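Participant: Whatever this is, show me its structure:
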Amino acid sequence: MGRAADQLELQIEELEQHQAEQAAVPAPKAAMPIGECIHPIRKPLPAHLPREDEELAPPYAACPGCGLALRRIGEDVLEVLEMVPARLRVRRYVRPVMACRCCGDISQAPPPPVPLPKSNAGASLLADIVLAKYDDHLPAYWQAERFAREGVEVPRSTLTDWLGRTATLLTPLAERIAAHVLAAGKLHVDDTPVPVLAPGAGKTRTGRLWVYARDDRACGDATAPAALYRYTPDRKGEHPQRQFAGWRGALQADGYAGFNALYEPKGADPPAISEVACWAHVRRKFFDVHQAHKGAAAQEVLERIGRLYAVEERVRGQPAARRAAARQAEAAPETAALRTHLDQLLRQVSGKSALAEAIRYALSRWPA
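Facilitator: Numbering: from 1, shown residues only. All right, here's what the predicted structure looks like:
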């Protein structure tokens, strides 16, 4: 699905670029019917960007008619977005060696700390390489070519060495983020497939990227939100079970069966983790049915869920007690009515239909 979306984006970009090329070619006046001129709407440039004024002198300083000096009565401003290219530079740390003529004592400042010992890569350069690799998806050999254009030879092997050592350097920070996330009493978890190169096989295999998110701003909590990412080579349930070993709280997730073991009681004790299902996943099922068939039944369910969303919108950012009171007063009756409606609707539709599948998906996790 991800590759198909990427290909579609490329096709759209090519089409838009072709249209821009055609529009830039001056057309004969007769070939442009009245009313068909395209005037794109330009949004104001963001206010946070630094601005550099360049004042253009008028064509003449004195009136060409009477010769008197002109006075300023206003101005027009045209803002043009420019790019200041990133530049490589060498920072030289000069450490003078000082000696006493009398007793021969020699002193010198210690060398400054560098991120990677026995390396000439500065922190800003490493940050740029990591960002380009993992956010802009530029492999090391492309980055080597980028540096070569600047006249600096940085072999691919050197870049990959820097990337690996930087990852090790950042491990303590990642673990601090993990500790902060897992200190929460409520978490959201989801996973997404990621293509991973399979060396020697000439193809890719599918790994999984898990995200564990802590974010309580909606209930007025000022604790910093954070997201913890974990990679696994597959989607076995043992991975979240290992990650949540010893954790207690409420876990909001989709209906993946690999989470079920987390919600089971251990002996006579109640479960350490409470299952919290996701309304967005439930709603998506009915949304897909409505998009495919435009039926009134799916539309009504979407409207009912929309009323639940409206309750949440009104209390977002308020203290937990006030949110709970609003849910009991407004959302609870809506939820009970929705349950009754789904039970009745399931008896009226074909059991093999997509709508029935969406209803069963919701009812099977109703307590959560």
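Participant: you'd agree residue 119 is up against residue 164?
Facilitator: No - assessed by CB atoms under 8 Å, residue 119 is found out of contact with residue 164, at 11.9 Å. Bear in mind the C-beta positions are built from the backbone N, C-alpha and C, glycine included.
Participant: Name the residue in these two with the higher neighbour count.
Facilitator: Each of residue 119 and residue 164 has its neighbours counted (other CB atoms under 10 Å); residue 119 has more, 14 against 10.
Participant: State the distance from that one to residue 154.
Facilitator: Noted for residue 119: a distance of 11 Å to residue 154, by CB to CB, to the nearest Å.
Participant: repeat for residue 88
Facilitator: From residue 88 over to residue 154 (counting by CB to CB), the distance is 10 Å.
Participant: Which neighbours do these two have in common?
Facilitator: Among the neighbours of residue 88, those also in contact with residue 154 (CB atoms under 8 Å, 6 or more residues apart in numbering) are residue 147.
Participant: before we move on, back to that, what residues do residue 119 and residue 154 have in common as contacts?
Facilitator: Jointly contacting residue 119 and residue 154 under the rule CB under 8 Å, 6+ apart is no residue at all.
Participant: Which one's more surrounded, residue 88 and residue 154?
Facilitator: Each of residue 88 and residue 154 had its neighbours counted (other CB under 10 Å), and the higher figure belongs to residue 154 (21 against 12).
Participant: Could you check how far the residue nearest the centre of the chain is from residue 213?
Facilitator: Ranked by distance to the mean C-alpha position of the chain (CA atoms, centre = their mean), the top residue is residue 135 at 9.8 Å. Separation of residue 135 from residue 213 (CB to CB) stands at 18 Å.
Participant: now the helices for the stretch 251-368 of the chain?
Facilitator: Under the criterion DSSP state H, counting those that start in this stretch, the stretch 251-368 of the chain contains helices at 279-293, 296-315, 320-326, 332-348, 354-364.
Participant: what's the closest of these to residue 70?
Facilitator: Of all the helices of the stretch 251-368 of the chain, the one in closest proximity to residue 70, counting by CB to CB, is helix 296-315 (57.1 Å).
Participant: What residues of that closest one count as buried?
Facilitator: Going by neighbour count (16 or more other CB atoms under 10 Å), the buried part of helix 296-315 is 297-298, 301, 304-305, 308, 311, 315.
Participant: okay, those residues in JSON lines with pLDDT and distance to residue 12 next?
Facilitator: Below are the buried residues of helix 296-315 laid out as JSON lines (pLDDT from 0 to 100; distance: CB to CB, whole Å):
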{"residue": "297", "pLDDT": "93", "distance to residue 12": "34"}
{"residue": "298", "pLDDT": "94", "distance to residue 12": "29"}
{"residue": "301", "pLDDT": "96", "distance to residue 12": "32"}
{"residue": "304", "pLDDT": "96", "distance to residue 12": "35"}
{"residue": "305", "pLDDT": "96", "distance to residue 12": "31"}
{"residue": "308", "pLDDT": "95", "distance to residue 12": "35"}
{"residue": "311", "pLDDT": "95", "distance to residue 12": "37"}
{"residue": "315", "pLDDT": "92", "distance to residue 12": "39"}
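Participant: Which one of those is nearest to residue 123?
Facilitator: Proximity to residue 123 was ranked across those by CB to CB; first place goes to residue 315, at 43.6 Å.
Participant: ok, the closest one - contacts?
Facilitator: Contacts for residue 315 (CB under 8 Å, 6+ apart) come out as 322-323, 326-327.
Participant: what about 10 Å?
Facilitator: Contacts of residue 315 were listed using CB atoms under 10 Å, 6 or more residues apart in numbering, and they are 218-220, 322-327, 330-331.
Participant: Could you do residue 266 as well?
Facilitator: Contacts for residue 266 were tallied using CB under 10 Å, 6+ apart; they are residue 272.
Participant: Show me the shaky parts of the stretch 1-150 of the chain.
Facilitator: For the stretch 1-150 of the chain, residues meeting the criterion pLDDT under 70 lie at 1-11, 13-14, 16-41.
Participant: What number of residues are in the vicinity of residue 137?
Facilitator: When neighbours are defined as other CB under 10 Å, residue 137 has 8 of them.
Participant: neighbours around residue 286, how many?
Facilitator: Under the criterion other CB under 10 Å, the count of neighbours that residue 286 has is 25.
Participant: so who does it touch?
Facilitator: For residue 286, the residues meeting the contact criterion (CB under 10 Å, 6+ apart) are 295, 297-302, 304-305, 342, 354-355, 358-359, 361-362.
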